[in-house]
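Participant: sequence and predicted structure below; questions after.
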Amino acid sequence: MRAKLLTLKPRVQTQGNRLPTLNPDSWRQGKQGSTQRGYTYRWQQASARFLRDHPLCQCPDCGEGRTRLRASTVVDHCIPHRGDMVKFWDKSNWQAMAKDCHDAKTALEDGGFGNPLGGYGKSSTGSKT
Ligand SMILES: [Zn+2]
């Protein structure tokens, strides 16, 4: 009896050591990288189609041609997605923008170019160029 119990013990231990490799979250670790931000071939196709549907800049300064006529060249996320794929692919969160309008918006959002945060849409800086 004693001999049998001793041979069983090591088997239980080796099985216990295997369990951590079955961690269901392990697949996620390989998915981070360039595609995590979502700017993939699929995004290029979807944004190109969106720009065909919305050829004019939809920013508050242009109002899709109501206040200023500018051709849209980029698709912007109204609410920054910050890696959130739900926000990223939500077309109600998309707006077509001219590149310089988009650059002005992102510069203000990031607080770069010496601009204070939160001033977007209050004054027009688009007449400079
Ligand atoms: Zn605009």
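Facilitator: Good, I have the coordinates.
Participant: pull up the residues of the protein that are close to the ion.
Facilitator: Counting by C-beta under 5 Å from the ion, the residues of the chain lying close to the ion are 57, 59, 61, 62, 70, 98, 101. From N, CA and C alone the C-beta is placed, and that goes for glycine too.
Participant: show me where this protein has its strands.
Facilitator: With DSSP state E as the definition, the chain shows strands at residue ranges 74-77, 94-97.
Participant: could I get the ones you listed in CSV, plus columns for mean pLDDT and mean neighbour count?
Facilitator: Shown next, in CSV, are the strands of the chain (pLDDT from 0 to 100; neighbours: other C-beta atoms under 10 Å):
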stretch, mean pLDDT, mean neighbour count
strand 74-77, 96, 18
strand 94-97, 98, 24
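Participant: can you redo those strands as TSV with distance to residue 84?
Facilitator: Supplementary listing: these in TSV, determined by distance: least, C-beta to C-beta, whole Å:
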stretch	distance to residue 84
strand 74-77	9
strand 94-97	14
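Participant: sorry, back to before: okay, and which of the residues of the chain next to the ion map to helices?
Facilitator: With DSSP state H as the criterion, helices contain residue 101 from among the residues of the chain next to the ion.
Participant: by neighbour count, which of the residues of the chain next to the ion wins?
Facilitator: Of all the residues of the chain next to the ion, residue 57 has the most neighbours under the rule other C-beta atoms under 10 Å, reaching 29 neighbours.
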